[in-house]
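Undergrad: Here's a sequence, model it:
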Amino acid sequence: MKSFNGRVAAITGAASGMGRALALALAREGCHLALADNNRQGLEQTVALIKTATLSPLTITTQVLDVSERQAMQDWAARCVAEHGQVNLIFNNAGVALSSTVEGVDYADLEWIIGINFWGVVHGTKAFLPHLKASGDGHVVNTSSVFGLFAQPGMSGYNASKFAVRGFTESLRQELDLQRCGVSATCVHPGGIRTDICRSSRIDANMTGFLIHSEQQARADFEKLFITDADHAAKVILQGVRNNKRRVLIGRDAYCLDLLARCLPAAYQALVVFTSKRMAAKPPKPAFETHDKPHH
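TA: Here you go, the predicted structure:
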């Protein structure tokens, strides 16, 4: 797929971050859009931004839904075809984060993150794949993470969900190549992208005193890792689709961690443990300090 003009793209997680950036980038290229998120207000803001940014007469539809709900995704896919006539691309982009130890993580939290990050991708892929094939020229774009290539402590649920997306999408791509059906697939592995994922993430109390000093400090440190803006990420993803790439890495941090995992596929874990110990041993410095001085 070399051009998006006149095509129809469905995007989950379109209320903010990479989903919104993808919607804007595709709209500028004349692509019609079916946007979904569980945040109605955010979706409305995305549509308003698109109408401001482009003068093209595009068809834009929105749907408030939870990607972890299979039937909701099936119904949305059918609605997209009814409203747009066809669908050429599905961007399974919605995602959340969870910090917790394996021993302490609550099953409900694990089900929450797997439901959105993995099952949301599965539901989106299976719901839209028949429609993409019917279009004669389609593409599935599934968002994993650099942590679908490289694991870290305290993020077992997130790592598991993103490794699962990677395996699922790579298998899908091979099947599509064998079928020669006019549909392809790409797995996206972003590094730190400036999105709202930090605000929607869950941090378990068992992390305090283990790898973090406080939830507030952890969120602040998390934000510092976001070194790539969402607009650049969208540009890289769409170029990956044009080039029919199997894997798309986004950000220099993604390339560095991918290289480390390739060069030290087992030993990198010891390096992560060593680094985590050093970082956890240093309490955060206060923004300012006051000292009582003796009066003479």
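
Undergrad: doesn't Ala25 make contact with Gly19?
TA: No. Counting by C-beta atoms under 8 Å, Gly19 does not reach Ala25; the two are 10.9 Å apart. To be clear about C-beta, it is placed using only N, CA and C from the backbone, and glycine gets the same treatment.

Undergrad: where in the stretch 151-296 of the chain is pLDDT low?
TA: Along the stretch 151-296 of the chain, the model assigns pLDDT under 70 to residues 193-203, 205-227, 279-296.

Undergrad: Extract the CA atoms of stretch 261-271 and return them as CSV.
TA: The C-alpha coordinates for stretch 261-271 follow below in CSV (Å, rounded to 0.1, in the frame of the first residue of the first chain):
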residue,chain,number,x,y,z
ALA,A,261,18.7,-7.9,23.4
ARG,A,262,20.1,-9.2,20.1
CYS,A,263,23.8,-9.0,21.2
LEU,A,264,23.1,-10.3,24.8
PRO,A,265,19.9,-12.3,24.5
ALA,A,266,20.2,-13.7,28.0
ALA,A,267,23.0,-11.7,29.6
TYR,A,268,21.1,-8.4,29.2
GLN,A,269,18.9,-9.4,32.1
ALA,A,270,21.8,-9.3,34.5
LEU,A,271,22.7,-5.9,33.2
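
Undergrad: show me the contacts for Ala48.
TA: Contacts for Ala48 (C-beta atoms under 8 Å, 6 or more residues apart in numbering) come out as none.

Undergrad: In terms of packing, which of Gly19 and Ala25 has more residues around it?
TA: The residue with more neighbours, out of Gly19 and Ala25, is Gly19; 27 against 19, by other C-beta atoms under 10 Å.

Undergrad: Against Gly30, how distant is that one?
TA: Distance of Gly19 to Gly30, given as C-beta to C-beta, to the nearest Å: 19 Å.

Undergrad: Quick check: closest non-adjacent residue to Ser100.
TA: Spatial nearest neighbour of Ser100, chain neighbours left out: Asp204 (3.6 Å); criterion: C-beta to C-beta, 6 or more residues apart in numbering.

Undergrad: and if you look at Ser56?
TA: Using C-beta to C-beta, 6+ apart, the nearest residue to Ser56 is Gly30, at 5.3 Å.

Undergrad: thinking the one you found is in contact with Gly6, fair?
TA: Yes. The criterion here is C-beta under 8 Å, and Gly30 meets it with Gly6 at 6.1 Å.

Undergrad: Neighbour count for those two, which is higher?
TA: Set side by side, Gly30 and Gly6 show more neighbours around Gly30, with 15 against 11, by other C-beta under 10 Å.

Undergrad: The more buried one looks like it's in a strand, true?
TA: No. Counting by DSSP: H, G, I helix; E, B strand; the rest coil, Gly30 falls outside a strand, being coil.

Undergrad: what's it in contact with, if anything?
TA: So Gly30 contacts Phe4, Asn5, Gly6, Ser56, Leu58 (C-beta under 8 Å, 6+ apart).

Undergrad: what separates it from Gln86, distance-wise?
TA: Applying C-beta to C-beta, the value for Gly30 to Gln86 is 15 Å.

Undergrad: now the helices for this structure?
TA: Listed in chain order, the helices of the chain (DSSP state H) span 17-28, 40-53, 70-84, 107-114, 120-135, 156-179, 197-200, 215-224, 230-242, 252-263, 268-280.

Undergrad: So which of those helices is nearest Ser145?
TA: The closest of these to Ser145 is helix 156-179. By C-beta to C-beta, the value is 4.2 Å.

Undergrad: who's in contact with that closest one?
TA: Outside of helix 156-179, the residues within contact range by C-beta under 8 Å, 6+ apart are 97-102, 105, 109-110, 113-114, 116-118, 121-122, 125, 140, 142-145, 147-149, 151-152, 183-187, 189, 246.

Undergrad: Good, we can wrap up now.
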